[in-house]
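**Q** Let me see the structure of the following:
(one chain, ligands or ions: 1)
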Amino acid sequence: MYNSIKLSENVHWVGVNDKETDLFESLWPLPEGISYNSYVINDDKVALIDTVKINYTDTYLEKVKDVIGDKKVDYLIINHMEPDHSGSIKSMREAFPEMKIVGNAKTMNFLEGFYGITEGTMVIEDGDELNLGSRTLKFYLTPMVHWPETMMTFDQKDKILFAGDAFGGFGSLNGYLFDDEVNIEYFEDEIRRYFSNIIGKYGPVVHKTISRLRKEIDQIGMVATTHGLVWREDPAHIIDEYDKWSQQQTENGVVVVYGSMYGNTKIMAETVARSLSENGIEQIRLFDVSRKDISYIINDIWKYNGIVLGSCTYNTEIFPPMEYLLKSLESRNLRNRVLGIFGSYSWSGGALDRLKDFKEKVNCNLVEPVIESQFAPSGDILEKCYLLGENVASKVKENN
Ligand SMILES: Cc1cc2nc3c(=O)[nH]c(=O)nc-3n(C[C@H](O)[C@H](O)[C@H](O)COP(=O)(O)O)c2cc1C
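**A** Have a look, this model is predicted:
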């Protein structure tokens, strides 16, 4: 007996929970695990939506069989080819040799490249439909949310949007599946951490896709993603949240991040943070860039409208962990933030130049003073740090 969960009379969740993988994409920590969601539509014809990571194929196949009994799978619909969802395709093909693998032209390229499969496929185009008996599925091609082949499948009978990675989040499913079974606030951070790190770079495409879905689909009754909760009580909530994040709409608050080896730059950052607090900022996040995983820093940067970055110089350049953060923010096209910067050095300098270069690459509003400290920060330098906190606070409060 394997626990599949019903979304409706004939639609079942047959996903799996992964509490073993430490780093998603070998990059992002998974302290709460992650789920790989797949769904079976058990109509006259049987359709699977996506599969699961290869490590879980056996459990997955048993779950599918448990739902469909002696029936065969007629269609495997591939919304996304990333291996955490496509990893079991080959095994499913072996178990159900007649099964048609359904995807768009780009999907087929990935299917051949990753798994050598070229036969038994069905290529669909944007807007195409597939009848399963009592229901018809409609396909929406959504390229670059967040891979070239990504698409979504809408069940027009039960009004379920199978959205691929869109609207997903980190965190495994601990007995619950639906948004109405949990306290959503608990999940928000892990969902935004997933969005900002995995999907955030493609924000404009996500926004365009959501606008299109809102225009073309009268009623989305449920959002069924490939990671995390299924949204049946309030599907609009996750769509609104994703839309907000995709446009980098933020709340009042400031994320202060410093890179420091011996504490001098840290004192500057703490002075800025104290000033922010004394000047009425209630949401302050202060991070040591060497010690806090970058995915959490990016998550908070996606939440708040202020950001202050300070770094020491290391071998004539900016401190390496800070460089990783700057590159990550540049590649996500960070914009619309109030920005403060400061650097420290002892002989050649280097950190502040890179922070100035960062300012040129992102569309943010630089707040004075820009501060550079040599050796240990003097009283004069710390006064400037306090002033920076004051000025950032007033701009942040102006913003919303
Ligand atoms: C390994 C190492 C390399 C450094 N490289 C440079 C450098 O190339 N140019 C420079 O001006 N200062 C350099 N510094 C000095 C630091 O940037 C400077 O002392 C800074 O104030 C240290 O800040 P912290 O106490 O926050 O770590 C280096 C320091 C260390 C320990």
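
**Q** Using the record's domain definitions, break the chain down for me.
**A** Partitioning the chain according to automatic domain parsing yields domains covering residues 5-246, 254-395.

**Q** Would you mind naming what in the protein lies close to the ligand?
**A** Residues of the chain that fall close to the ligand, judged by CB under 6 Å from any ligand atom: 260-266, 312-316, 344-350, 375. In this view, the C-beta of every residue, glycine as well, is placed from N, C-alpha and C.

**Q** ChimeraX command to pick out the buried ones of those?
**A** If you want just the buried ones from the residues of the chain next to the ligand in ChimeraX, going by 16 or more other CB atoms under 10 Å, the selection is:
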select :260,264,265,266,312,313,314,344,345,350
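
**Q** show me what contacts Phe110?
**A** Taking CB atoms under 8 Å, 6 or more residues apart in numbering as the definition of contact, the neighbours of Phe110 are 81, 86, 149.

**Q** re the thing from before, would JSON lines of the domains of the chain with mean pLDDT be doable?
**A** Formatted as JSON lines, the entries for the domains of the chain read as follows, by pLDDT from 0 to 100:
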{"stretch": "domain 5-246", "mean pLDDT": "97"}
{"stretch": "domain 254-395", "mean pLDDT": "98"}
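
**Q** burial of the residue lying closest to Val16 once chain neighbours are set aside, as a residue count?
**A** For Val16, the nearest residue in space outside its immediate sequence neighbours is Tyr56; the separation is 4.2 Å by CB to CB, 6 or more residues apart in numbering. Around Tyr56 there are 21 other residues, counting by other CB atoms under 10 Å.

**Q** any idea how far Tyr56 lies from Ser91?
**A** Summarising the geometry, the distance separating Tyr56 from Ser91, computed by CB to CB, to the nearest Å, is 10 Å.

**Q** Could you do Thr107 as well?
**A** Between Thr107 and Ser91 the distance is 18 Å, computed by CB to CB.

**Q** Between these two, which has more neighbouring residues?
**A** The residue with more neighbours, out of Thr107 and Ser91, is Thr107; 26 against 15, by other CB under 10 Å.

**Q** Distance of the more buried one relative to the ligand?
**A** As judged by CB to the nearest ligand atom, to the nearest Å, Thr107 and the ligand stand 49 Å apart.

**Q** Quick check: phi and psi at the residue nearest to Val16.
**A** Main-chain torsions, Tyr56, degrees, to the nearest 10: phi -110, psi 20.

**Q** and it, what does it touch?
**A** 16, 18, 36, 88.

**Q** Which two among those are spaced furthest apart?
**A** Distance extremes for the contacts of Tyr56: the farthest pair is Asp18 and Ser88 at 13.0 Å, using CB to CB.

**Q** about what we covered before: now tabulate the contacts of Tyr56 in JSON lines and tack on secondary structure and neighbour count.
**A** Rendered in JSON lines, the data for the contacts of Tyr56 read as follows (DSSP: H, G, I helix; E, B strand; the rest coil; neighbours: other CB atoms under 10 Å):
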{"residue": "Val16", "secondary structure": "strand", "neighbour count": "22"}
{"residue": "Asp18", "secondary structure": "strand", "neighbour count": "19"}
{"residue": "Tyr36", "secondary structure": "strand", "neighbour count": "22"}
{"residue": "Ser88", "secondary structure": "coil", "neighbour count": "28"}
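
**Q** what's the spacing between the residue nearest to Val16 and Ile267?
**A** The spacing between Tyr56 and Ile267, counted by CB to CB, is 49 Å.

**Q** circling back to that earlier point, among the contacts of Tyr56, find me the one that's closest to the ligand.
**A** When the contacts of Tyr56 are compared for distance to the ligand, the smallest value, 38.2 Å, is given by Asp18; criterion: CB to the nearest ligand atom.
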